[in-house]
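S.K.: sequence first, predicted coordinates after that:
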Amino acid sequence: MDIIESLQWRYAAKKFDPSKSVSPGDLKTILEAGNLAATSYGLQPFQFVVVSDPDLRQQLVPFSYNQPQPGQASHVIVIAVNTNVDADFIKASATYTEQVRGLEDGQLDGYAKQMIGAITSMDEEQRLIWAQKQSYIVLANLMTACAALKIDSCPMEGFVPAEYNRLLDLESKNLHASVVLPIGYRAEDDEQQNFTKVRRPLKEMTHYL
Ligand SMILES: Cc1cc2nc3c(=O)[nH]c(=O)nc-3n(C[C@H](O)[C@H](O)[C@H](O)COP(=O)(O)O)c2cc1C
C-alpha cells in the first residue's frame, strides 16, 4: 500500500478484537518509528510505557471515561513525558550525542548551555506543555507505522492523566501520561470502520503563496 492508501485505511478504532495480538517484531517496529520522531533539540523528553497485561489494561478502562479500547487492544502504548527536563537531563543528552557521534568530551558544552538556557527559562507548566507537544509528533509516527503494517490504533486523549500516573506508577519515574495509543486489530463488528472518512478537500485546507 502506498502512504495515502495506508492513511485512508487507518481510522480511530472504537472496538478491537481482543483475541488478536500484535507480534513482538511489529511492536518493536512501531516503537522504533515513534522513537525516530523529531523532538525539540533532539532531547526526546518522553518514554513509552507499553501495557500488555490484560488486568492492568482493564483497570485503565474506568480512567478512560469507560472507553473500551484499552481493555480490548493488544497493547496500550502510553506516551509519557519527562517531568525532569533540567540541566542534568540536558547535559546527559549532550554527552550521549558526543559518544554516539565520536566527538570529544565537552565538545557540545556550549550547545548544552544554550539548550539549558532555553529550557530552564520556562516554568514547570510551560515545560510540561513543551514536552507534551513533542509527544504528539511521536503519536503520529506510531500511528503511521501501525497503518503501514495494517495494525489498528486509536489515539486517545480521553483519559484521566492523574489516574494513569497512579496506576502505572509514573511519577516515581518522573513521568506524566500525555497521550495514549491502544493498538491491535479491529473487531469485525466495529461499525466505525464502515463510515466514510471525512476530510475537507485539500484545496480548502491549503494556501499556496
Ligand atoms: C489527540 C487525539 C485525541 C483523541 N482522543 C480520542 C479518544 O479519547 N477516543 C476516541 O475514540 N477517539 C479519539 N480520537 C480520535 C478522533 O476522534 C479521530 O481521529 C477523528 O474523529 C478522525 O477520525 P479518523 O481518525 O477515524 O479518521 C482522538 C484523536 C486525536 C488526534
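M.R.: Arrived safely.

S.K.: which intervals of the protein have sub-threshold pLDDT?
M.R.: 1 (pLDDT under 70).

S.K.: can you pull the residues of it lying near the ligand?
M.R.: Counting by CB under 6 Å from any ligand atom, the chain comes close to the ligand at Tyr11, Ala12, Lys14, Gln67, Cys154, Pro155, Met156, Glu157, Gly158, Val179, Lys197. All C-beta atoms are positioned from the backbone trio N, CA, C, and that covers glycine.

S.K.: what about the residue lying closest to the fourth one once chain neighbours are set aside, distance to Pro68?
M.R.: If you skip the residues right next to it in sequence, Gln67 has Gly158 as its closest partner in space, 5.8 Å away by CB to CB, 6 or more residues apart in numbering. Between Gly158 and Pro68 the distance is 12 Å, computed by CB to CB, to the nearest Å.

S.K.: then Ala37?
M.R.: 28 Å.

S.K.: ok now stretch 190-197, how far from the chain's centre?
M.R.: Stretch 190-197 has its C-alpha centroid displaced from the chain centroid by 24 Å (CA atoms, centre = their mean, to the nearest Å).

S.K.: between Gly158 and Pro68, which is the more surrounded one?
M.R.: Pro68 (16 against 12; other CB atoms under 10 Å).

S.K.: show me what contacts that one?
M.R.: By CB atoms under 8 Å, 6 or more residues apart in numbering, the contact set of Pro68 is Lys14, Lys15, Val61.
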